[in-house]
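In: need the 3D shape of this:
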Amino acid sequence: MTEKELRKKAMALPLHPGVYIMKNKDKKIIYIGKAKKLKNRVSSYFGSHSNHSLKVIRMVENVDNFDYILCDSEFEALVLECSLIKQHQPKYNILLKDDKGYNYIKITKEEFPRIRECKQMLDDNATYIGPYTSNFSVKQAVDETLRIFKLPRCNKKFPKDYGKSRPCLNGFMGICSAPCAGRIKQEEYANNVQDAISFLKGGSVKAVREMQEQMLELSENLQFEEAAKLRDRIKAIKNLDERQKVVSINVPEEDVFALVNSNKKACFEVIRFEYGKLTDTEFWLIDAVDDLPQSRFELIERYYSMRDRIPSRIAVDGEIADEALLKEFLESRRGKKIEFIHPQKGEHLSIVNMCVSNANEHLAQQQGRLGRELATLEELRAILGLEKLPEYIESYDISHTFGADNVAGMVVFHNGRPMKSAYKRFAIKGFTGQNDVGSMQEVLTRRFNHYYNDEEGSTFKILPDLILLDGGEPQVNAVIPVVRSMGLNVPIFGMVKDNKHRTRAIALNGGEIEINSHRQVFTLVSSIQEEVHRFAITYHHNKHKKSTLSTSLTKIEGIGDAKAKALLKHFKTVTAIKNASVDELAKVSGISQGNAQKIYDFYHN
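Out: Predicted structure coming up:
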């Protein structure tokens, strides 16, 4: 449908609560939303886009039709919307990827057992404690246990490495018993591990009580050295408890949410408290949002659709759109009352500020990680005179052996980094012999045919911001008309090498641009050129190897390409075929007893 037809259909909707379902031309669901008045909400998408964000504009451009479901109330529409989003995971809805699985504490079965956190139980005779849902809690518990009971964190093998080296920094600091330096006997080490397991299972209160009783008993028996070790252990546990009070609150349970926005990305952060103590933290980096109150509503609703525990109190760093509706929805799931708070002072405000700080830190790390790459891309954009930042770069190279086994490789760099999931390989089909220019024309034609014909989800559907060809002006001049004839205006340049096969310049239609003086751009282009050459030549070598092997087999009377392929598939290598008996060869599908005899004779005579 055209946008005009879609608006006409939307204007015929009732002023009634419901859920609307946007679909593309392939009938795939790309967005699901709820509305208090369907007609008003849906019709707002089709018409003027002056108040729409770029994301909404892109979604509307892909809408070919929509369905709707009437509901009795806005609350019922929210429940249905939540269920449908969870089921279909539409492309343009705000989604949170739930990569949280169960976590375990593992105690290895060896002479010097190790305590580690892990994601799954294996059949390896180890002891496992768990499962736990919080990875944060498991890591914290293991870290505290290793510190209190002075157990090693390194990868050394004991008793193999027992007493063979000086202790590491942890040994010098007194937070490791240093078996590597022979400072602890195996029996004492085993006792420490057993105490550590009791601590993990029973918690600090029970562990401290038992240790205090043992310490008194040892003191009465004049075993002052052993009693002192327990005293230090008790002190370490109490110090940890004191540190934990810094991030504690005076309520049984509470979740704290923060949403921090920047130009391109946003961070959604969650800090969870149980029994007054911090028990878990999670964060998601998502695309920048346009409406913070509405986004808070959607993100909190999505979060609790993934998590079972809904606390009695939820603290938020800002306004929530339709807060009463969200509260009703969460209370229906919890079966009890909940309270939203927007702290203005006191300990709750300090916890919210801590959540905001963590979100800012994660966002800064993500942007800092990309900062250098984006600065390099901006410099490349300026050098090449591009209209937009080349965030998505495709590069192509041709590889062959004197025209035989002609192939091409396509690599993708996204934000200055290899995006290997989008790499593609092409076997040249249009002609035989050596013709790099013709090969490049064929490959680009096939690539953009995929752009027009593939289904949504294919990486071929992503239009590149820049194409870099491994080659100079001839390749660029040959490819530009092909791409333009397909109705596309993608910038195309070549990568020129010197006589030592190193990147020298960027070629364009009518000359070259020297990049040696632009260090970061030179490094990026060199990396792209090396990567596409590696990818193409690896594909060519594999293809050429198979072709060579197949050719040697097809010299045998009665063995064609199909039988040669069947033999290679069965035996894997020509050496294995040479060493096979007649009976073994005859077991291959399509190989007769006569064929088998001729193969055997060919290699043994």
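In: low-confidence stretches in the stretch 201-350 of the chain?
Out: 202-208, 236-251, 263 (pLDDT under 70).
In: tell me where it has helices.
Out: Taking DSSP state H, counting those that start in this stretch as the test, the helices found in the stretch 201-350 of the chain are 224-244, 292-306, 323-334, 346-384.
In: need the winner for burial among the ones you listed.
Out: helix 292-306 (a mean of 19; mean count of other C-beta atoms under 10 Å). Yep, even glycine has a C-beta here, placed from its N, CA and C like the rest.
In: by contact count, what packs against it?
Out: helix 74-88, strand 253-261, strand 265-274, strand 313-316, helix 323-334 (3 or more C-beta pairs under 8 Å, 6 or more residues apart in numbering; DSSP states H and E).
In: sorry, back to before: now the helices of the stretch 201-350 of the chain as TSV including distance to F340?
Out: Below are the helices of the stretch 201-350 of the chain laid out as TSV (distance: least, C-beta to C-beta, whole Å):
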stretch	distance to F340
helix 224-244	26
helix 292-306	9
helix 323-334	6
helix 346-384	12
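In: and D454, what is it in contact with?
Out: F460, K461 (C-beta atoms under 8 Å, 6 or more residues apart in numbering).
In: let me see the confidence value for it.
Out: D454 carries a pLDDT value of 86.
In: quick revisit: nearest to A141, of the helices of the stretch 201-350 of the chain?
Out: Minimum separation from A141 across these (C-beta to C-beta) falls at helix 224-244, 10.5 Å.
In: these two touch, right, Y128 and M121?
Out: Yes - counting by C-beta atoms under 8 Å, Y128 does reach M121; the two are 5.1 Å apart.
In: so what sits against both of the two?
Out: Y104.
In: columns distance to S399 on top of the helices and strands packed on helix 292-306, output as TSV?
Out: Below are those laid out as TSV (distance: least, C-beta to C-beta, whole Å):
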stretch	distance to S399
helix 74-88	42
strand 253-261	46
strand 265-274	38
strand 313-316	56
helix 323-334	57
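In: for N192, which of the ones you listed is the nearest?
Out: Among those, strand 265-274 sits nearest to N192 (C-beta to C-beta), with 28.8 Å.
In: and that closest one, what other elements does it pack with?
Out: By 3+ C-beta pairs under 8 Å, 6+ apart, strand 265-274 packs against strand 253-261, strand 277-287, helix 292-306, helix 346-384.
In: okay if I get the ones you listed as CSV plus distance to Y451?
Out: Below are the helices and strands packed on strand 265-274 laid out as CSV (distance: least, C-beta to C-beta, whole Å):
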stretch, distance to Y451
strand 253-261, 32
strand 277-287, 23
helix 292-306, 32
helix 346-384, 22
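In: relative to P152, which of these is closest?
Out: strand 277-287 (26.9 Å).
In: so what's K39 up against?
Out: A10, M11, A12, L13, P14, L15.
In: which of these fall within strands?
Out: Assignment to strands by DSSP state E places none of the contacts of K39 there.
In: tell me the one of the residues you listed nearest A288?
Out: A10 (27.2 Å).
In: quick check, nearest of the contacts of K39 to E61?
Out: Closest to E61, out of all of these and judged by C-beta to C-beta, is A10, at 15.9 Å.
In: any idea how far that closest one is from P252?
Out: To P252, A10 is 47 Å away according to C-beta to C-beta, to the nearest Å.
In: same check on V138?
Out: Taking C-beta to C-beta, one finds V138 at 22 Å from P252.
In: ok, L585 next?
Out: 75 Å.
In: only the buried residues of stretch 494-508, if you could.
Out: G494, M495, V496, K497, T503, R504, A505, I506, A507, L508 (16 or more other C-beta atoms under 10 Å).
In: quick one: the strands in the stretch 1-150 of the chain?
Out: Per DSSP state E, counting those that start in this stretch, the stretch 1-150 of the chain carries strands over the ranges 18-23, 29-35, 65-70, 103-107, 115-118, 127-132.
In: give me the mean pLDDT for the fourth one.
Out: So that's strand 103-107. 85.
In: distance from the chain centre to that strand, please.
Out: Mean-position distance between strand 103-107 and its chain equals 24 Å (C-alpha atoms, centre = their mean, to the nearest Å).
In: can I get that strand in CSV, CA atoms only?
Out: C-alpha atoms of strand 103-107 as CSV (Å, rounded to 0.1, in the frame of the first residue of the first chain):
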residue,chain,number,x,y,z
ASN,A,103,25.2,-19.5,37.1
TYR,A,104,27.1,-22.0,39.3
ILE,A,105,30.0,-22.1,41.7
LYS,A,106,32.3,-25.0,40.8
ILE,A,107,34.7,-26.8,43.1
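In: elements contacting that strand?
Out: Strand 103-107 is packed against strand 115-118, strand 127-132, helix 135-148, helix 186-220, with contacts defined by 3+ C-beta pairs under 8 Å, 6+ apart.
In: who does the shortest one pair up with?
Out: Counting by DSSP bridges, the strands paired with strand 115-118 are strand 103-107 (antiparallel).
In: the strand it pairs with versus strand 127-132: what angle between them?
Out: 170 degrees (axes from the mean of the first three to the mean of the last three C-alpha atoms, to 10 degrees).
In: show residues contacting strand 103-107.
Out: Contacts of strand 103-107 (C-beta under 8 Å, 6+ apart): 113-121, 126-135, 137-138, 141-142, 193, 197, 200.
In: now do 7 Å
Out: The contact list for strand 103-107 (C-beta atoms under 7 Å, 6 or more residues apart in numbering) reads 113, 115-119, 121, 126-132, 134-135, 138, 141-142, 193, 197, 200.
In: do stretch 389-409 as well
Out: 377-378, 380-381, 410-415, 425-428, 432-434, 436, 439-440, 443, 462, 464-470, 528, 532-533, 535-537, 539-540, 543-544, 547.
In: do I have it right that R334 meets I310?
Out: Yes - counting by C-beta atoms under 7 Å, I310 is a contact partner of R334 at 4.2 Å.
In: for the host helix or strand of N406, which positions count as buried?
Out: Using DSSP states H and E, N406 falls within strand 404-414. Buried residues in strand 404-414, defined by neighbour count with 16+ other C-beta under 10 Å: D405, N406, V407, A408, G409, M410, V411, V412, F413, H414.
In: now it - C-alpha only, CSV.
Out: Extracted C-alpha coordinates of strand 404-414, given in CSV (Å, rounded to 0.1, in the frame of the first residue of the first chain):
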residue,chain,number,x,y,z
ALA,A,404,41.9,-20.6,-13.2
ASP,A,405,39.5,-21.0,-10.2
ASN,A,406,38.6,-17.3,-10.5
VAL,A,407,36.9,-16.0,-7.2
ALA,A,408,36.2,-12.8,-5.3
GLY,A,409,36.0,-12.0,-1.7
MET,A,410,33.9,-9.3,0.0
VAL,A,411,34.7,-8.1,3.5
VAL,A,412,32.8,-5.5,5.6
PHE,A,413,34.1,-3.0,8.1
HIS,A,414,31.4,-1.5,10.4
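In: so how far is it from its chain's centroid?
Out: On C-alpha atoms, centre = their mean, the centre of strand 404-414 falls 24 Å from that of its chain.
In: pLDDT of it, averaged?
Out: Rounded mean pLDDT across strand 404-414 is 87.
In: and that strand, which strands flank it?
Out: strand 392-401 (antiparallel), strand 417-418 (antiparallel), strand 424-427 (antiparallel).
In: looking at those, which is closest to F46?
Out: It is, among the strands paired with strand 404-414 and with distance given as C-beta to C-beta, strand 392-401, at 28.9 Å.
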